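> just coords:
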């Protein structure tokens, strides 16, 4: 694997962002709106509850972490979709570029775009709404890492899904975070879910992150081993997603389905 080729994939996306305000603004505009909306919601809940309970680190912190996960996933899929929309995907693999180098480029692009969105969210949450990350301690960074790994896995899986089913199937990818959020326990403990949903939740790395976040915000102690289990799940899911993408790509090449992504294709 040549890192320079992976960087070239990411650099191409950078040039697209730099030359288009419509592509650049969504990187931080939507997360800023979410921070403002949920920030004022948290403040309002603080004023109407009978007991002293600070909703800011629980609700606003959950929104920040979940939006970061979504930015990571979309950071991967958007680069792939740009190649699909421009019918440039086949041209990419007409070069010596390998699958691992292409996926590496998607990850590099996701790191850059999700970091930008995270920076905006951190500034708004801390300066405007007084969210103190001291409540999470040093575990805040591992929380982000687990969500980042799972976002990469889900992004690669989404790319493979579109590659297998065709460009029109991108609409199957956009709702995935919303479909997973009830199982991840973003805003409530997993104990509120029925048993079958809890079984699914234990397979999702974000569920360990949000359970830990609520525990720390309430002043409890959180076992690092639990978070390590979530990180291990995320790494396994990345390997599975990469294997799925590789298999789908090889099948598309072997059967000729990859031609649907070429500049000459009209389907």
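Thanks, I have the structure now. Since this is a predicted model, take the numbers as computed values, not measurements.

> alpha carbons only for contacts and neighbour counts from here, please
Fine.

> looking at this structure, which helix or strand is least sure?
helix 89-92 (a mean of 79; mean pLDDT, DSSP states H and E).

> quick check, distance from it to the centre of its chain.
Distance of helix 89-92 from the chain centroid (Cα atoms, centre = their mean, to the nearest Å) equals 24 Å.

> C-terminal to that helix, what's the next element?
helix 99-123 (DSSP states H and E).

> Could you list every helix and strand in contact with the helix or strand that that following helix is followed by?
Next along the chain after helix 99-123, taking DSSP H and E as the criterion, comes helix 140-165. In terms of contacts (3 or more Cα pairs under 8 Å, 6 or more residues apart in numbering; DSSP states H and E), helix 140-165 is packed against helix 61-85, helix 205-217, helix 224-255.

> what does the shortest one contact?
I take that to be helix 205-217. 57-58, 62, 135-136, 143, 146-147, 150, 183-187, 189-190, 201-202, 221-222, 226-227, 230-231, 233-234 (Cα atoms under 8 Å, 6 or more residues apart in numbering).

> What of stretch 4-24?
79, 97, 101-106, 108-109.

> what do you get if the cut-off is 7 Å, keeping everything else the same?
79, 97, 101-102, 104-106, 108-109 (Cα atoms under 7 Å, 6 or more residues apart in numbering).

> tell me, how many neighbours does residue 168 end up with?
9 (other Cα atoms under 10 Å).

> again, but for residue 9
23.

> So, low pLDDT: which residues of the stretch 101-250 of the chain?
135 (pLDDT under 70).

> Going through the contacts of helix 205-217, which ones are buried?
57-58, 62, 135-136, 143, 146-147, 150, 183-187, 190, 201-202, 222, 227, 230-231, 233-234 (16 or more other Cα atoms under 10 Å).

> what does stretch 161-173 contact?
So stretch 161-173 is contacted by 84, 158, 248 (Cα under 7 Å, 6+ apart).

> Going by neighbour count, which of these comes out on top?
residue 158 leads the contacts of stretch 161-173 on contacts (other Cα under 10 Å) with 25 neighbours.

> on that earlier part again, reformat the contacts of stretch 161-173 as a markdown table; add distance to residue 72.
Shown next, in a markdown table, are the contacts of stretch 161-173 (distance: Cα to Cα, whole Å):
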| residue | distance to residue 72 |
| --- | --- |
| 84 | 19 |
| 158 | 12 |
| 248 | 22 |
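
> ok so, going back, out of the helices and strands packed on helix 140-165, nearest to residue 127?
helix 61-85 (13.7 Å; Cα to Cα).

> buried stuff in the closest one?
Under 16+ other Cα under 10 Å, the buried positions of helix 61-85 are 61-81, 83-84.

> before we move on, what about stretch 240-257?
So, applying 16+ other Cα under 10 Å, buried residues of stretch 240-257: 241-242, 244-246, 248-249, 252, 257.

> what's next to stretch 231-240, contact-wise?
Taking Cα under 7 Å, 6+ apart as the rule, stretch 231-240 contacts 146, 149-150, 152-153, 205.
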